[in-house]
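Participant: Model the following, please.
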Amino acid sequence: MAEFRSHEKLGKCDEEIRVVALGKNGSGKSATGNRFLGIWTFLSICSATSVTENCHCDSAVRFGKRLVYVDTPGFFDIEKPNEIIQKEIIKCIALSSPGPHVFLLIIKVDRFTPEEKNTIDLYENIFGHEFYNHLIIVFTHKDKLDKSGKSLQQFIYEAPSDLQNVLRRNNNICIAIENEAPPEEVEVQMKELFTLVTVVVGLNEGKHYTSIIYEKIEKILLKEDDKQRKSRLDNLTRTINDMKRSIEENSKNVGEEEELLRALVGSLPSNSEAPSSKEAQLVEAKINQLDIENEQLKYDIIMMQKQIKCIKKESKHCPNKPGSLRENIRKKIESEEGQLVVNFLMEFGPTVLKWGIVALKACLKK
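Facilitator: Here you go, the predicted structure:
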């Protein structure tokens with residue numbers, strides 16, 4: 001599984017645009033993601049079988065925005081168990097939470113097959129009709145159009161009615177690209193794609209796609225964030241209390257050692273080499289060490305109190321900024337650490353699974 005990496009070395013940008021790539025296996029979702037982000041991050045090779053087995057996510061700063069790209073497997077792969085489809089749908093939703101600004105439906109410049117029509121029906125069942133308002137259709141393998149001497153408009157005019165219906169629903173917002181073109185040409189195409197993305201964002205007044213399922217997942221993410229913050233606060237508070245007890249114990253020991261030191265110094269003979277003189281030096285060294293430990297503990301407490309202040313500030317502002325800690329959640333999902341994805345499945349999986357099974361059965365009957 002590819003590791004999620006945030007490419008901060010490319011720069012920072014507060015304005016984020018989230019994109020989810022959809023399409024059947026082998027359509028070019030991963031290759032398009034690599035070109036769109038301008039980095040090689042998604043595995044993309046020529047293969048008769050699906051290369052992307054799981055939802056992956058990566059980001060980069062491009063064209064003055066922080067672009068987040070979620071690469072998905074072919075959800076309509078009927079060889080996969082329904083539970084796997086369900087899990088990947090939930091991962092897709094979690095990774096793009098609180099909602100994608102744009103869906104990219106990646107389709108090869110080729111014959112529009114019944115399987116592709118069924119795949120689109122499945123997405124509509126999952127995401128609802130509103131999904132078309134955020135949809136851009138990306139036709140890959142533009143070289144086939146060039147070789148045939150056809151324009152994209154001519155290809156669409158000759159396309160089956162099912163594809164034309166999809167284009168009507170998304171206001172004919174589409175583009176043809178060639179991922180294997182020379183770098184300069186690819187860059188021009190990616191700028192054109194980004195322009196379309198900004199057009200769709202503008203048409204939706206900057207609002208991202210959302211639905212009940214996204215709202216539910218976002219609540220779970222925020223709940224998980226809040227749980228983590230409370231855990232950090234509890235751990236820091238316990239550690240500070242332990243340190244304060246250590247300081248009290250050290251101070252008590254210093255007092256006892258000082259009394260011993262005064263008694264030893266008072267009993268010292270004129271001969272400084274007497275055993276009691278060496279013992280007094282050891283006691284004084286111990287007192288100094290306890291003082292050093294106390295100063296270090298006090299410094300550590302101050303630093304931890306600053307951390308607590310930051311966490312409380314984070315807690316105050318986080319509810320007003322959904323997904324503000326989403327990157328940390330993404331890392332957990334990508335590495336499958338913890339039980340976050342499992343919790344999603346337990347809390348919301350049955351509904352998604354039900355939708356997935358209904359949609360699959362409906363598509364398979366056609």
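
Participant: For the stretch 51-200 of the chain, which segments count as helices?
Facilitator: 82-95, 114-127, 143-148, 152-157, 161-169, 183-203 (DSSP state H, counting those that start in this stretch).

Participant: Just the mean pLDDT for the third one, thanks.
Facilitator: This predicted structure assigns helix 143-148 an average pLDDT of 88.

Participant: residues in contact with the closest residue to residue 139 other than its chain neighbours?
Facilitator: Excluding its sequence neighbours, the residue lying closest to residue 139 (CB to CB, 6 or more residues apart in numbering) is residue 176, at 4.3 Å. C-beta here means a position set from N, CA and C on the backbone, and glycine is covered the same way. Residue 176 is in contact with 109, 138, 139, 140, 142, 145, 152, 155, counting by CB atoms under 8 Å, 6 or more residues apart in numbering.

Participant: gap between residue 176 and residue 233?
Facilitator: 53 Å (CB to CB, to the nearest Å).

Participant: Also residue 91?
Facilitator: Counting by CB to CB, the gap from residue 91 to residue 233 is 29 Å.

Participant: hmm, back to that, narrow the contacts of residue 176 to just the buried residues.
Facilitator: Among those, the ones that count as buried by 16 or more other CB atoms under 10 Å are 109, 138, 139, 140, 142, 145, 155.

Participant: For the last one, which non-adjacent residue is spatially closest?
Facilitator: This points to residue 155. residue 145 (5.9 Å).

Participant: Any stretches of the stretch 251-366 of the chain with poor pLDDT?
Facilitator: 268-276, 317-366 (pLDDT under 70).

Participant: Repeat that for the stretch 1-150 of the chain.
Facilitator: Checking the stretch 1-150 of the chain against pLDDT under 70 turns up 1-14, 44-53, 75-83, 86.

Participant: following the helix or strand containing residue 237, which helix or strand comes up?
Facilitator: Element membership for residue 237 (DSSP states H and E) is helix 212-266. Downstream of helix 212-266, the next assigned helix or strand under DSSP H and E is helix 275-317.

Participant: what about residue 123, distance to residue 179?
Facilitator: For residue 123 relative to residue 179 (CB to CB), the value is 22 Å.

Participant: Please say which of residue 91 and residue 233 ends up with more neighbours.
Facilitator: residue 91 (26 against 15; other CB atoms under 10 Å).

Participant: contacting residues for the closest residue to the more buried one other than its chain neighbours?
Facilitator: In space, and not counting its chain neighbours, residue 91 is closest to residue 55: 4.2 Å by CB to CB, 6+ apart. Residues in contact with residue 55 (CB under 8 Å, 6+ apart) are 70, 71, 72, 73, 88, 91, 92, 95.

Participant: Farthest-apart pair in the residues you listed, please.
Facilitator: Maximum pairwise distance in the contacts of residue 55, criterion CB to CB, is 12.7 Å, between 73 and 95.

Participant: Checking residue 31 next. Helix, strand or coil?
Facilitator: Following DSSP: H, G, I helix; E, B strand; the rest coil, we place residue 31 in the helix state.

Participant: just checking, it touches residue 178?
Facilitator: No. Under the criterion of CB atoms under 8 Å, residue 31 makes no contact with residue 178, lying 10.1 Å away.

Participant: okay, and the common contacts of those two?
Facilitator: Listed as contacting both residue 31 and residue 178 by CB under 8 Å, 6+ apart are residue 140.

Participant: coming back round to it: tell me the phi and psi of the residue nearest to residue 91?
Facilitator: phi -70, psi 130 (degrees, to the nearest 10).

Participant: What distance do you get for it to residue 94?
Facilitator: 9 Å.

Participant: cool, and residue 109?
Facilitator: For residue 109, the distance to residue 94 - CB to CB - is 32 Å.

Participant: try residue 18
Facilitator: As judged by CB to CB, residue 18 and residue 94 stand 12 Å apart.

Participant: ok, now residue 65?
Facilitator: Taking CB to CB, one finds residue 65 at 22 Å from residue 94.

Participant: who has more neighbours, those two?
Facilitator: Using other CB under 10 Å as the criterion, residue 65 and residue 94 rank with residue 94 on top: 24 against 17.

Participant: Isn't that one up against residue 219?
Facilitator: No. The criterion here is CB under 8 Å, and residue 94 misses it with residue 219 at 11.7 Å.

Participant: where along the stretch 1-150 of the chain do the strands fall?
Facilitator: Using DSSP state E, counting those that start in this stretch, the strands found in the stretch 1-150 of the chain span residues 16-22, 56-62, 65-71, 102-108, 135-140.

Participant: Report pLDDT for residue 153.
Facilitator: pLDDT, residue 153: 91.

Participant: And it, how close does it get to residue 227?
Facilitator: Distance from residue 153 to residue 227, by CB to CB: 52 Å.

Participant: tell me the contacts of residue 215?
Facilitator: Contacts of residue 215 by CB under 8 Å, 6+ apart are residue 98.

Participant: ok so, going back, among the contacts of residue 55, which one has the most neighbours?
Facilitator: Most surrounded of the contacts of residue 55: other CB under 10 Å gives residue 71, at 29 neighbours.
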